[in-house]
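Asks: 3D model of this:
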Amino acid sequence: MSFGTKGRVLRSAAFAAVMAVVGSPMVAEELFYVSGAVGNAVENFKNLVKPWEEKTGNKVTMVPMPASTTDQFAQYRLWLAAGTADIDLYQTDVIWAPQLADHFVDLTEVAKDLAPQHFPSIIESQTVNGKLVALPIFTDAPALYYRKDLLEKYGASVPKTWEELTATAQKIQDGERAAGKADLWGFVWQGNAYEGLTCDALEWVKSFGGGQVVEPDGSISINNPKAVAAIDLAKSWVGTISPDGVLAYQEEEARGVWQTGNAVFMRNWPYAYTLGNGADSAVKGLFDVAPLPSGGDNATSAATLGGWNVAVSKYSKHQEAAISLALYLAGPEAQKARALSESNLPTIVSLYDDADIAAQQPIIPRWKEVFMQAVPRPSAPTKGKYNEVSSKFWSAVHNSLSGNGTTAENLEALEADLADLKGDAW
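Replies: Next up is the predicted model:
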């Protein structure tokens, strides 16, 4: 061994020793993390990654995207198709793995110890052709938010069916408006023509016993009388217990009406719970949540399975640091922090028995009941065609809600469109 080589070895050993002590690289790396942003997402993310930044010496910047998942997905596809190196990590919807998998790093080996701590079904949903392309960071299932004080005032129970919700919302809305609260509405939800309407409408249809649009075996089931009845009931809400403008609402518009105290009921995701109990909320301490109602003669409710994951771009120039951040965000420390600060539902099973979470966010252990009714969107059977399937579904539903054709006509046309899209196979 020459002296020069020996010197380089010694310097490497010294560097390793320093690294073991300080736990951070000599040259900091800056990562860019792209994500949809609702509520206080940007500020919460800064706080969430701070421990990782302090430990590694690296810096993370969130690139906020529109709240609409449809708009997010379209932008993601543009960036990834172009092979951009500007984004290191992508926060991805649970349904996107099959469509974006080729652009992400396989995390199977690096996450071999972490993955078994998560709900197996969620890990499975992010595994494509044997490759784990994204790690779960929180799961999602919507619930029915209701005003405890108003239900008590009018002697009403939490509705178990959509029909009961319709009647109760109308009764309380009429009573409150007669008392001078002209801006109060009975029920707010997501009626805009985007992925959120697919989620809402899937819940109506499934809870009426009308299937899942496309079934797990790939068969198209949407054109049936129970699905028609479900969407027709929702149509009756527009302009009665829901404002006409609900047809343009996404999650944040619905939350805005709710959090200012102008709705009796709201359908929304868990993130709205913490915000609704914030210091600036008009409904702080006045509401609770319950599983979404069932419909028709069906006894089972349905809540669309949501959830978000983190994927590392194959085009990142900082893959090692990005993988480290992904493992942190999917790990117990960050998942617990999210649960405490944002009421996000963990995907790590043990956190549902965590005493701190139960004390600060008692809603999370209770959300198990909601989660048990979760129904997946038909992304698995439709594979790479899911986005088109969803777009055709929400468009048909939005037309029905808007009075553009009858629901029966629109679902019949939808069935034909989906059959053409399917061809011989999805």
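
Asks: which phi and psi values does residue 345 adopt?
Replies: The phi/psi pair for residue 345 (degrees, to the nearest 10) reads phi -80, psi 120.

Asks: actually residue 184, not the one I wrote
Replies: Note on residue 184: its backbone torsions stand at phi -80, psi 140 [degrees, to the nearest 10].

Asks: now do the nearest residue to it once chain neighbours are set aside against residue 249, distance only.
Replies: Closest residue to residue 184 in three dimensions, ignoring its sequence neighbours and counting by CB to CB, 6 or more residues apart in numbering: residue 176, at 4.5 Å. (Glycine included, C-beta is placed from N, CA and C.) As judged by CB to CB, to the nearest Å, residue 176 and residue 249 stand 20 Å apart.

Asks: element containing residue 52, please.
Replies: helix 41-56 (DSSP states H and E).

Asks: C-terminal to the lowest-mean-pLDDT helix or strand in the chain, what's the next element?
Replies: The helix or strand with the lowest mean pLDDT-type score in the chain, counting by mean pLDDT, DSSP states H and E, is helix 3-22 (a mean of 37). The element immediately downstream of helix 3-22 (helix or strand, assigned by DSSP H and E) is strand 30-36.

Asks: pairing partners for that following strand, with directions?
Replies: Strands that pair with strand 30-36, judged by DSSP bridges, come out as strand 59-65 (parallel), strand 89-93 (parallel).

Asks: point out the most buried one among these.
Replies: Mean neighbour counts were taken over the strands paired with strand 30-36 using mean count of other CB atoms under 10 Å, and the top value, a mean of 25, falls to strand 89-93.

Asks: just the angle between that strand and helix 41-56, please?
Replies: Following axes from the mean of the first three to the mean of the last three CA atoms, to 10 degrees, one obtains 130 degrees for the angle between strand 89-93 and helix 41-56.

Asks: and the helices in the stretch 151-300 of the chain?
Replies: Under the criterion DSSP state H, counting those that start in this stretch, the stretch 151-300 of the chain contains helices at 162-178, 195-207, 225-237, 251-259, 271-276.

Asks: count of neighbours near the spatially closest residue to residue 298 that is not a sequence neighbour?
Replies: In space, and not counting its chain neighbours, residue 298 is closest to residue 209: 3.9 Å by CB to CB, 6+ apart. One way to gauge burial is a neighbour count; for residue 209, by other CB atoms under 10 Å, it gives 20.

Asks: was I right about residue 209 contacting residue 296?
Replies: Yes. With contact defined as CB atoms under 8 Å, residue 209 and residue 296 form a contacting pair (6.3 Å).

Asks: return every residue with contacts to both of the two.
Replies: residue 226 (CB atoms under 8 Å, 6 or more residues apart in numbering).

Asks: does residue 401 sit in a helix, a strand or a coil?
Replies: Under the three-state scheme (DSSP: H, G, I helix; E, B strand; the rest coil), the conformation of residue 401 reads as helix.

Asks: so what's the residue nearest to it when sequence neighbours are not counted up against?
Replies: What sits nearest to residue 401 in space, not counting adjacent residues and going by CB to CB, 6+ apart, is residue 235, at 5.2 Å. Contacts for residue 235 (CB under 8 Å, 6+ apart) come out as 400-401, 403, 407.

Asks: can you say which of those residues are buried?
Replies: By the neighbour-count criterion of 16 or more other CB atoms under 10 Å, the contacts of residue 235 include these buried positions: 400-401, 407.

Asks: quick one: stretch 365-385 to chain centroid distance?
Replies: The chain centroid and the centroid of stretch 365-385 are separated by 10 Å, computed with CA atoms, centre = their mean, to the nearest Å.

Asks: again with stretch 89-101
Replies: Centroid separation for stretch 89-101 versus its chain: 12 Å, with CA atoms, centre = their mean.

Asks: what is the end-to-end distance of it?
Replies: From the first residue to the last, stretch 89-101 extends over 13 Å; the measure is CA to CA, to the nearest Å.

Asks: now that stretch: average pLDDT?
Replies: Averaged across stretch 89-101, pLDDT comes to 95.

Asks: one more: stretch 308-315?
Replies: Mean pLDDT, computed over stretch 308-315, is 98.

Asks: what does stretch 364-384 give?
Replies: So the average pLDDT for stretch 364-384 ends up being 85.

Asks: so which bits of that stretch are buried?
Replies: Of the residues in stretch 364-384, 364, 367, 370-371, 373-382 count as buried by neighbour count, 16+ other CB under 10 Å.

Asks: end to end, how far does it reach?
Replies: Criterion CA to CA; first-to-last residue distance in stretch 364-384 is 33 Å.

Asks: what residues does the helix or strand containing residue 411 touch?
Replies: Take DSSP H and E as the rule and residue 411 turns out to sit in helix 407-422. Counting contacts by CB under 8 Å, 6+ apart, the residues outside helix 407-422 that touch it are 214, 218, 220, 222-224, 227-228, 231-232, 235, 385, 388-389, 392-393, 396-397, 399-400, 404-405.

Asks: from these, which would you call buried?
Replies: 214, 220, 222-224, 227-228, 231, 235, 385, 389, 392-393, 396-397, 399-400.

Asks: can you tell me which residues contact residue 346?
Replies: Taking CB under 8 Å, 6+ apart as the definition of contact, the neighbours of residue 346 are 138-139, 335-336, 338-339, 352, 357, 364.

Asks: how near is it to residue 368?
Replies: 11 Å.

Asks: ok, residue 97 next?
Replies: Separation of residue 97 from residue 368 (CB to CB): 24 Å.

Asks: repeat that for residue 223.
Replies: On the measure of CB to CB, residue 223 and residue 368 end up 34 Å apart.

Asks: cool, residue 416 as well?
Replies: Residue 416 is 40 Å from residue 368, by CB to CB.
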